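> Give me the fold of what follows.
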Amino acid sequence: MSLPELAISTSWNSARHTDGFAMLEELAALGFKSVELGHGIRFSLWPGLLRALDQKIIRVASLHNFCPLPLGFLKASPNCYEFTDPRPSRRARAVALTLETLDHAAAFGAKAVVLHLGSLRQRPRSHRLVALMARGQLGSRAYVRQKIAAVREHEQLFSAAWPWLRDCLLTVSDHARKKNLRLGFESREAVEEVPLENQWDLLLNEFPAAGYWHDFGHSAQKAALGFLDHAAEFRRRLPRLIGCHVQDFRAPDHDHLAPADGDLPFNEFLPLIPPSALCVLELSPRVKQEKVRASLAWWQRRPAE
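Numbering: from 1, shown residues only. Okay, here's the model as predicted:
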């Protein structure tokens, strides 16, 4: 049995294009049949994008919130408004922009919208943990102190933010249901972001129509920092998996790499991916075009054994 079709995210090429038609045409020319419209698409790309979709240059598999970019932002800013923001006006803006993204997704025939759920106003410790790991101090007393403090602070602040997040997601999930769209709650790499691994059950039980979106690079980062067992966490969430961001990772914090350019043991994961999952190649703009083409070929020659 073959793997699901591999789409590609416009995160790879949206920043360097001035015409949305050319942006999508480039991806189609590389052999991709479907695309995830990413969170870096500026309004100036929209007319050409619509023309390309009208001409059926490529299909839309998913959108990544917020799409297009909110006015006033010129580069990818998926966390510019958050459902966990203490300010009601900012949460309301996050919801309004998400509803617009859902409307676009429905109009384009997409199946899902990928969401970041927010972050907490805690002291930024993720970069400290990465720095300690890079110096060979993973598991040291200093590392463990930082890790414990980060988790405790997160859990304390999450208790206050949960009602805000829940209210926002109730509105968003109701709109998604009406539009016949799935919401993909994306796994994140930073301890300041929601959710931590012990919060997944709460989220997925509260919103049964939503699903788990596994980002291989983000989860590999968390695993490298000692927050989870990557393969075990992937297996645990499989019943609710609706999609994946496919990218490779190399410690301490190099992500959005082309597959085989990092250290991820994809052979442990790929046979587990169900045929119904949406799989999206999400690469850094720094990845060369030949690597993108090779990534698609790599995917296509790997049957789910």
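> distance of Ala297 from Pro208?
Distance of Ala297 to Pro208, computed by C-beta to C-beta, to the nearest Å: 38 Å. C-betas here are computed from N, CA, C, even on glycine.
> Going along the chain, name the strands of the stretch 101-250 of the chain.
112-115, 182-186, 211-215, 241-246, 248-250 (DSSP state E, counting those that start in this stretch).
> how about low-confidence regions in this structure?
Along the chain, the parts satisfying pLDDT under 70 run over 1, 303-305.
> Which helix in it has the most residues?
What stands out as the longest helix in the chain, according to DSSP state H, is helix 141-178.
> in that one, what's buried?
If you call a residue buried by 16 or more other C-beta atoms under 10 Å, then helix 141-178 has these buried ones: 143, 146-147, 150, 153-154, 157-158, 161-162, 164-165, 168-169, 172-173, 175-176.
> middle-most residue in this protein, spatially?
Geometric centre of the chain, nearest residue: Glu186, 4.8 Å, by C-alpha atoms, centre = their mean.
> Verify the stated contact: it with Val114.
Yes. Here Glu186 reaches Val114: they are 5.4 Å apart, a contact under C-beta atoms under 8 Å.
> Name the residues contacting each of these two.
Common contacts of Glu186 and Val114 (C-beta atoms under 8 Å, 6 or more residues apart in numbering): 213, 245.
> one step back: what angle separates the longest helix of the chain from strand 182-186?
Angle, helix 141-178 to strand 182-186, by axes from the mean of the first three to the mean of the last three C-alpha atoms, to 10 degrees: 170 degrees.
> Can you get me the centre-to-centre distance for helix 141-178 and its chain?
17 Å (C-alpha atoms, centre = their mean, to the nearest Å).
> And for stretch 40-52?
Chain-centre distance of stretch 40-52: 21 Å, with C-alpha atoms, centre = their mean.
> which residues sit against that stretch?
Counting by C-beta under 8 Å, 6+ apart, 10-11, 14-15, 17-25, 37, 58, 67-69, 71, 74-76 sit against stretch 40-52.
> is it true that Cys67 lies in a helix?
No. If the criterion is DSSP: H, G, I helix; E, B strand; the rest coil, then Cys67 is coil and not within a helix.
> Number of residues surrounding it?
30 (other C-beta atoms under 10 Å).
> Got phi/psi on His254?
The phi and psi values for His254, taken as degrees, to the nearest 10, are phi -90, psi 110.
> list the contacts for it?
Contacts of His254 by C-beta under 8 Å, 6+ apart are Gly262.
> Dig out what it forms beta bridges with.
Under DSSP bridges, the beta-bridge partners of His254 are Arg250.
> Now do it against Gln221, distance only.
Look at His254 and Gln221: by C-beta to C-beta, they are 9 Å apart.
> do Asn205 as well
As judged by C-beta to C-beta, Asn205 and Gln221 stand 26 Å apart.
> who's more crowded, these two?
Gln221 (25 against 9).
> about what we covered before: just the contacts of stretch 40-52: which are in helices?
Of the contacts of stretch 40-52, the ones assigned to helices by DSSP H are 20-25.
> of those, closest to Gly226?
Minimum distance to Gly226 across those is 38.6 Å, recorded for Met23 (C-beta to C-beta).
> Would you check that that closest one makes contact with His17?
Yes. With contact defined as C-beta under 8 Å, Met23 and His17 form a contacting pair (4.0 Å).
> okay, those two: which has more neighbours?
A direct count of neighbours by other C-beta under 10 Å for Met23 and His17 places Met23 higher, at 23 against 20.
> residues in contact with the more buried one?
Contacts for Met23 (C-beta under 8 Å, 6+ apart) come out as 10, 13-14, 17, 45, 48-49, 52.
> what do you get if the cut-off is 6 Å, keeping everything else the same?
Residues in contact with Met23 (C-beta atoms under 6 Å, 6 or more residues apart in numbering) are 13-14, 17.
> Distance to Ser89 added to the residues you listed, as a markdown table?
Listed next are the contacts of Met23 as a markdown table, based on distance: C-beta to C-beta, whole Å:
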| residue | distance to Ser89 |
| --- | --- |
| Asn13 | 34 |
| Ser14 | 28 |
| His17 | 33 |
